[in-house]
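Enquirer: Everything below, folded, please.
(chains A and B)
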Amino acid sequence: MSGKPVLHYFNARGRMECIRWLLAAAGVEFEEKFIERPEDLEKLKKDGKLMFEQVPMVEIDGMTLVQTRAILNYIATKYDLYGKDVKERALIDMYAEGIADLSEMIIHLVVTPPDQKEAKIALIKDRTKNRYLPAFEKVLKSHGQNYLVGNRLTRVDIHLLELLLYVEEMDSSLLAPFPLLKALKSRLSNLPNVKKFLQPGSQRKPPTDEKTIEEARKVFKF
Amino acid sequence: MSGKPVLHYFNARGRMECIRWLLAAAGVEFEEKFIERPEDLEKLRKDGKLMFEQVPMVEIDGMTLVQTRAILNYIATKYDLDGKDVKERALIDMYAEGIADLSEMMGQLVVTPPDQKEAKIALIKDRTKNRYLPAFEKVLKSHGQDYLVGNRLTRVDIHLLELLLYVEEIDSSLLAPFPLLKALKSRLSNLPNVKKFLQPGSQRKPPIDEKALEEAKKIFKLS
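Expert: Numbering: from 1, shown residues only, chains lettered A, B, ... in the order given. Model prediction:
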């Protein structure tokens, strides 16, 4: 094997995308094995590689890790993107979990029944502009630094950048009232590893369209 | 102030209970301020203490922390319940997140519409006995040690104990096929701090009853 982490997931953003982002931002090359048919998932289960029968799963440093947060925590610690001490880590975790809550709402949109979708989108937009973006704008305003925690790049800057891009995909006007967030987004997008990941041809995944989800549902029966 | 952590939440298990468990297991005394009326929650929000307008919130070591996992991670690290190195921590996190997934399903039960409840309970029981309990029984079998990770008590043993007690509340027969989990549950329940927390009069919260939940929903105008 190459020694690179190997990511096992569908060829989609889903719950693996934040992991791809963090590895890319850390400048870590990784391989991907896409699950395309039920047999692919069955094989992983039969081989005992999925502790809870689920993906994402990442093979890294001799471990077979599942659970997004476990994987992110390991990568963040290994590549020194988790703050310098336990108190910085507490802030990083608090901010990252807020981002995860909003991201979770966005992820669920693709599996929301059509008759409930409009209300869900309205709720997401409301939470985005009245709860989450103000909270992070306030953090940046409070210290005036270029990064969310500890005046240097940590995992939560990358998680936030990813989120801001999804917010923009949904409705670019949502970011308008938040100058510090816009500046952060710009700065982070210009970091070499991030810039590379943002370019076409990288391992970054496009938005999942309805048709793809419908097919996946048939194939994987969910 | 006393220097003890102060927990802000409803007088219920909810998303704070795992934090109460971890503090108790670590032998840390804590205070609680219960949110009983909408004004209590509004005040916390107005005072800027809730980063995302939500509880749980814990005041600890000069910080005002929200988000259950952030709070748990801080407590676990501070009281050396987070493994000895990054690889132990990866196992702890992986196991803890599986426990959290099943706990989340159970937590959602109280807000599940009555017509969907039976199906939800069936799913929880299925996942419990076919996915989660077998996974943890397998871990214990693989190393034959008395704790899940690193041959000593870590946070994930406490998270699992809490879960096993909830599983038992739902259906005590679910644990029957898992001898190592039953033994772990027994051993952990006898640790002094845990034993104390399990006794009546501790800060451990009872299961929520439907009536109290209905009232809370009206008071707080939750859907």
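
Enquirer: okay, CA-based contacts and neighbour counts for the rest of this
Expert: Noted.

Enquirer: which intervals of chain A have sub-threshold pLDDT?
Expert: A:1-2, A:221-222 (pLDDT under 70).

Enquirer: Would you agree A:Lys33 is in contact with A:Ala12?
Expert: No - the pair A:Lys33 / A:Ala12 is not scored as a contact, 11.6 Å apart, by C-alpha atoms under 8 Å.

Enquirer: Break chain A into its domains for me.
Expert: Following the TED database, one gets these domains for chain A: A:6-79+A:198-210, A:86-190.

Enquirer: got the end-to-end distance for the shortest one?
Expert: Taking C-alpha to C-alpha, to the nearest Å, the span from the opening residue of domain A:6-79+A:198-210 to its closing residue is 27 Å.

Enquirer: Output the set of residues of chain A in proximity to chain B.
Expert: Residues of chain A lying close to chain B (C-alpha under 8 Å from any C-alpha of the partner chain) are A:51-53, A:65-67, A:69-71, A:73-74, A:77-78, A:86-87, A:89-91, A:93-94, A:97-98, A:131-132, A:135.

Enquirer: picking that back up, so can I have JSON lines of the domains of chain A showing mean neighbour count?
Expert: Compiled in JSON lines, these are given as follows (neighbours: other C-alpha atoms under 10 Å in any protein chain shown):
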{"stretch": "domain A:6-79+A:198-210", "mean neighbour count": "17"}
{"stretch": "domain A:86-190", "mean neighbour count": "17"}
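
Enquirer: between these, which gets nearest to A:Val219?
Expert: Among the domains of chain A, the nearest to A:Val219 by C-alpha to C-alpha is domain A:6-79+A:198-210 (6.7 Å).

Enquirer: Does anything pack onto whichever helix in chain A runs longest? Which helices or strands?
Expert: Longest helix in chain A, counting residues (DSSP state H): helix A:86-109. Here helix A:86-109 touches helix A:114-127, helix A:155-170, strand B:63-66, helix B:68-78, going by 3 or more C-alpha pairs under 8 Å, 6 or more residues apart in numbering or on different chains; DSSP states H and E.

Enquirer: and for it, what are the contacting residues?
Expert: Here helix A:86-109 makes contact (C-alpha atoms under 8 Å, 6 or more residues apart in numbering or on different chains) with A:14, A:82-83, A:117, A:120-121, A:124, A:127-128, A:132, A:136, A:149-150, A:154-156, A:159-160, A:163, B:52, B:65-67, B:69-71, B:73-74, B:77-78.

Enquirer: Dump it to PDB, restricted to CA.
Expert: Extracted C-alpha coordinates of helix A:86-109, given in PDB (Å, rounded to 0.1, in the frame of the first residue of the first chain):
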ATOM      1  CA  VAL A  86      -7.200  22.000  26.000                       C
ATOM      2  CA  LYS A  87      -8.900  25.500  26.200                       C
ATOM      3  CA  GLU A  88      -8.300  26.200  22.500                       C
ATOM      4  CA  ARG A  89      -9.600  22.800  21.800                       C
ATOM      5  CA  ALA A  90     -12.800  23.600  23.700                       C
ATOM      6  CA  LEU A  91     -13.400  26.600  21.600                       C
ATOM      7  CA  ILE A  92     -12.600  24.700  18.400                       C
ATOM      8  CA  ASP A  93     -15.000  21.900  19.400                       C
ATOM      9  CA  MET A  94     -17.700  24.400  20.300                       C
ATOM     10  CA  TYR A  95     -17.500  26.200  17.000                       C
ATOM     11  CA  ALA A  96     -17.100  23.000  15.000                       C
ATOM     12  CA  GLU A  97     -20.200  21.500  16.600                       C
ATOM     13  CA  GLY A  98     -22.200  24.500  15.700                       C
ATOM     14  CA  ILE A  99     -21.000  24.200  12.100                       C
ATOM     15  CA  ALA A 100     -21.900  20.500  12.200                       C
ATOM     16  CA  ASP A 101     -25.400  21.200  13.300                       C
ATOM     17  CA  LEU A 102     -26.100  23.600  10.400                       C
ATOM     18  CA  SER A 103     -24.300  21.200   8.000                       C
ATOM     19  CA  GLU A 104     -26.500  18.400   9.200                       C
ATOM     20  CA  MET A 105     -29.600  20.400   8.300                       C
ATOM     21  CA  ILE A 106     -28.200  21.000   4.800                       C
ATOM     22  CA  ILE A 107     -27.200  17.300   4.400                       C
ATOM     23  CA  HIS A 108     -30.700  16.200   5.200                       C
ATOM     24  CA  LEU A 109     -32.200  18.400   2.500                       C
END
